[in-house]
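Colleague: Starting from these lines, generate the structure:
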Amino acid sequence: MDQANPRTDLRIVRTRRMLRDAFVELLEEMEVEKITVNRLAERATINRVTFYLHYRDIPDMMEKMADEMIEDISSIIGSPESQSAASPDVEWPLMVNLLEYIAKHSRFYKVILATKRTTVFTERLLKLLTSLVTERLERSDTESAIAAMGIKRDIAIWYGSSALIGTIITWLRNDMPYTPLFLAKQFALLRHYHQMKS
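Modeller: Residues are numbered from 1 along each chain as shown. Alright, predicted model coming up:
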């Protein structure tokens, strides 16, 4: 969440982190529509002018936060060391990395994903998961198997990505009763189960 480009001014990173944390706190207390720039700036202990140096308004801030979220997740699951460092008994190391990252920043994700207040974050994550499911489908022999069964490719992708995000959100809402590794293994077992049935 705090990965800064080396060229990014640390004051900018710090201010945006303060605004993000204040935004999460306010979302825990009220609907997003009730959050004003004044309230947010006050909670972040900055002035309104500073807010406007970074964002046009609250929706612009949410869009930029969602962009940063996807950049952070993409760098976590896309780094070569994260893929090679995964345990050999985990079929989908990307999922382990994603779940570990979400668990590490659980307060943020619990508020922005596990509530219906901020759909921009859920939509962006769903888009990322959809691309991961699509890549997975294209790299395996599953695509020909689902085609042989008469299942449309796009429906299989929708189903897979929706199941993933739904499970992640429910996991967060239930205070993450399983470790990221265990949950990733469960995803792999479910996928094998569905393949054996086909």
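Colleague: and the closest residue to N47 other than its chain neighbours, which of the three is it?
Modeller: Sequence neighbours aside, A41 is the residue nearest to N47 in space, at 6.0 Å (criterion: C-beta to C-beta, 6 or more residues apart in numbering). Heads up, the C-betas are built off the backbone N, CA and C, glycines and all. Per DSSP: H, G, I helix; E, B strand; the rest coil, the secondary structure class of A41 is helix.
Colleague: what's the neighbour count on the closest residue to T45 other than its chain neighbours?
Modeller: Nearest residue to T45, sequence neighbours excluded (C-beta to C-beta, 6+ apart): M18, at 7.0 Å. Counted by other C-beta atoms under 10 Å, the residues lying close to M18 total 17.
Colleague: and M18, what does it touch?
Modeller: M18 sits next to A44, T45, I46 when contact means C-beta atoms under 8 Å, 6 or more residues apart in numbering.
Colleague: How about the secondary structure of it?
Modeller: helix.
Colleague: gap between it and E25?
Modeller: M18 sits 11 Å away from E25, going by C-beta to C-beta, to the nearest Å.
Colleague: for M149, same thing?
Modeller: 48 Å.
Colleague: Who has more neighbours out of those two?
Modeller: Each of M149 and E25 has its neighbours counted (other C-beta under 10 Å); E25 has more, 15 against 9.
Colleague: so what's that one scoring on pLDDT?
Modeller: As predicted, E25 sits at a pLDDT of 95.
Colleague: okay but it is in contact with A44, surely?
Modeller: No: if you go by C-beta atoms under 8 Å, E25 and A44 don't touch, sitting 9.1 Å apart.
Colleague: Farthest from the middle of this protein: give me that residue.
Modeller: A148 (32.6 Å; C-alpha atoms, centre = their mean).
Colleague: Which parts of this structure are helices?
Modeller: Applying DSSP state H to the chain gives helices spanning 10-29, 37-43, 48-54, 58-78, 80-84, 93-104, 106-113, 119-139, 142-148, 153-173, 180-197.
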